[in-house]
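# Prediction below, plus the sequence it came from.
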Amino acid sequence: MENPSVADRPRSGKRPGFLREIARNRYSYLLILPAMVYVFIFSYATYPYLLIAFQRFNYQKGLLGSEWVGFDNFVFFFRSNAALAVTWNTIKLNVLFLIFVTFFAVALALLFNEIRNKFFIKLAQTTMIFPSFLSWIIVSYMMYSLFTMDFGIINQIIQAFGGEPVNWYSKAEAWPSILVGMKVWKEAGMASIIYLAAITGIDGSLYESADIDGASRWQKMIRITLPLIAPTIAILTLLNLGKIFYGDFGMIYAIIGDNGVLYPTTDVIDTYVFRALRQIGDPSNAAAVGLFQSTVGLLLVFGANWLTRRFFKEGALY
C-alpha cells in the first residue's frame, strides 16, 4: 500500500504552497490562531505608537499630527529626583526575584523528582501551584491580615512571645524581603513545573548506570540531574533578564499602593511612571520610559546571550 504521506505529496516534487499547507493542517493553525491574534494586536500593532515617546502627544491631533519634541520626554524621567532611586529599586527587586524564584523552583523540581508516593506528589504540586492562580489583589488582603498593626497574625505571634507589635506598613527596610518571600510563594511552584518537565526528559539509562556504580540519590542529583537541566535554567534566566527593568506593577501597586512611607525601598519605574501619568496626564512621558525599559532589556538579553554562548553554548538562546 502506498504511504499516505507520500501520496499526498505533489507529484512535481515541489514543496506545498503556503495556502495548501494551511488547508492541510487547518486544525493545527486554528488552534494557534487566538495566540497569533493576541500577539499581533498587543505587540506588533502597537509599534507605530512608539512615536509617542518622541512627541508631545495630543489626543485631538493624533499620532501623525502631534508636535515632535525629540528626547525631551526622556529628560523628564532622567532629571527627576527619584529617577536613580526607582531605577535602583527596580533592578534590585528584579534581581532578587530572579535569583530566589529560580533557586526555589529548581529545588522544588528536584524534590518532586525524588518523591515516589504518587498521591503525595500530586497533593504537593497542587498546593505549590495554587498560589499562581491568585491575583495580587487577593494576595494583598492576605498580607494585610498577616502584617497589620492591631490584628495581624505576625504581630500576634510576636506578642505571644513577649515582644512589641511592629507597624510593618511603616518599615520600608523590611519590605524588599517581604516582597521576595511573596514572589517565591506565588511563582516558584508554577516555575518548578518547567524544570520538572526537563528532568523527566533525561535518559533513564544514565541513572541506571549510576546505580550500578553505587551512586547515592544525592550524587545522581548533583552529577546527572543538575548538569542536564542547566541549559533550561540558563535559557529561562536569559528570557527573564529582558524584564529586569520592568517592575512587577501588579504586585507592587496592589501591595504597596500609594503608601509613600514605603517608596524608598519599593517604588519601581512602573509605579513611578504610573503616578506621573495619573498626576500629569501626559502619555508621552510614560511611553518614553517604557521605550527606555524595553531597549535596556533587549541589550541585556543580547549581552547575556553573547556571554552564555561564549562560555556555556548549551544554555544560549541562539
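Received it, and whenever you're ready, just let me know what you need.

# so Leu298 is in which element?
helix 283-311 (DSSP states H and E).

# Now that helix: buried residues?
283-293, 296-297, 300-301, 304-305, 308 (16 or more other Cβ atoms under 10 Å). Where you see a C-beta, it was placed from the backbone N, CA and C, and this is true even at glycine.

# on contacts alone, who are the packing partners of it?
Helix 283-311 sits against helix 72-78, helix 226-241, helix 269-280, with contacts defined as 3 or more Cβ pairs under 8 Å, 6 or more residues apart in numbering; DSSP states H and E.

# for the protein, which spans come out with low pLDDT?
1-16, 317 (pLDDT under 70).

# How about the residue positioned nearest the centre of it: what's its closest non-neighbour residue?
By Cα atoms, centre = their mean, the chain has its centre lying nearest to Asn240, at 5.7 Å. Among residues not flanking Asn240 along the chain, Leu98 sits closest, at 5.4 Å (Cβ to Cβ, 6 or more residues apart in numbering).

# just how off-centre is the helix or strand harbouring that neighbour within its chain?
Here Leu98 sits within helix 83-114, counting by DSSP H and E. On the basis of Cα atoms, centre = their mean, to the nearest Å, helix 83-114 is displaced by 10 Å from the centre of the chain it belongs to.

# tell me the angle of it relative to helix 269-280?
Per axes from the mean of the first three to the mean of the last three Cα atoms, to 10 degrees, the angle that helix 83-114 makes with helix 269-280 is 140 degrees.

# Output the contacting helices and strands for helix 83-114.
Secondary elements touching helix 83-114 (3+ Cβ pairs under 8 Å, 6+ apart): helix 118-129, helix 175-200, helix 226-241, helix 263-266, helix 269-280.

# which parts of the first one are buried?
Going back to what we said before, that points to helix 118-129. 121, 124-125, 128.

# Need those in TSV (columns: distance to Ala174).
Output for these, formatted as TSV (distance: Cβ to Cβ, whole Å):
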residue	distance to Ala174
Ile121	35
Ala124	30
Gln125	31
Met128	25
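
# between those, which is nearest Asp258?
Met128 (32.3 Å; Cβ to Cβ).

# okay, now Asn117: neighbour count?
9 (other Cβ atoms under 10 Å).

# Okay, it and Thr225: tell me how far apart.
Applying Cβ to Cβ, to the nearest Å, the value for Asn117 to Thr225 is 19 Å.

# ok, now Pro34?
Pro34 is 36 Å from Thr225, by Cβ to Cβ.

# next one: Tyr44
Tyr44 is 39 Å from Thr225, by Cβ to Cβ.

# And the two? Which one has more around it.
Thr225 (22 against 9).

# residue contacts, the more buried one?
By Cβ atoms under 8 Å, 6 or more residues apart in numbering, the contact set of Thr225 is 110, 113, 199, 202.

# Buried ones among these?
110, 113, 199.

# residue contacts, the second one?
Residues near Asn113 by Cβ under 8 Å, 6+ apart: 196, 199-200, 225.

# hmm, try it at 6 Å
Ile199 (Cβ atoms under 6 Å, 6 or more residues apart in numbering).

# measure it to Asn259 for me?
Counting by Cβ to Cβ - Asn113 and Asn259 are separated by 41 Å.

# Could you do the last one as well?
Distance check for Ile199 against Asn259: by Cβ to Cβ, it reads 41 Å.

# can you check Trp68 too?
For Trp68 relative to Asn259 (Cβ to Cβ), the value is 38 Å.

# just Tyr44 next, same as before
Counting by Cβ to Cβ, the gap from Tyr44 to Asn259 is 37 Å.

# Switch the buried ones among the contacts of Thr225 over to a markdown table; also include distance to Asn167.
Shown next, in a markdown table, are the buried ones among the contacts of Thr225 (distance: Cβ to Cβ, whole Å):
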| residue | distance to Asn167 |
| --- | --- |
| Leu110 | 39 |
| Asn113 | 43 |
| Ile199 | 44 |
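
# Can you tell me which of those is closest to Tyr253?
Leu110 (34.0 Å).

# what residues are up against the closest one?
Met221.

# could we number from 47 for the rest of this?
Understood, numbering begins at 47; the last thing we discussed is Leu156.

# who's in contact with the closest residue to Ala237 other than its chain neighbours?
Sequence neighbours aside, Ala151 is the residue nearest to Ala237 in space, at 3.7 Å (criterion: Cβ to Cβ, 6+ apart). For Ala151, the contacting residues are 234, 237-238, 241, by Cβ under 6 Å, 6+ apart.

# Could you measure from Ala151 over to Ser238?
4 Å.
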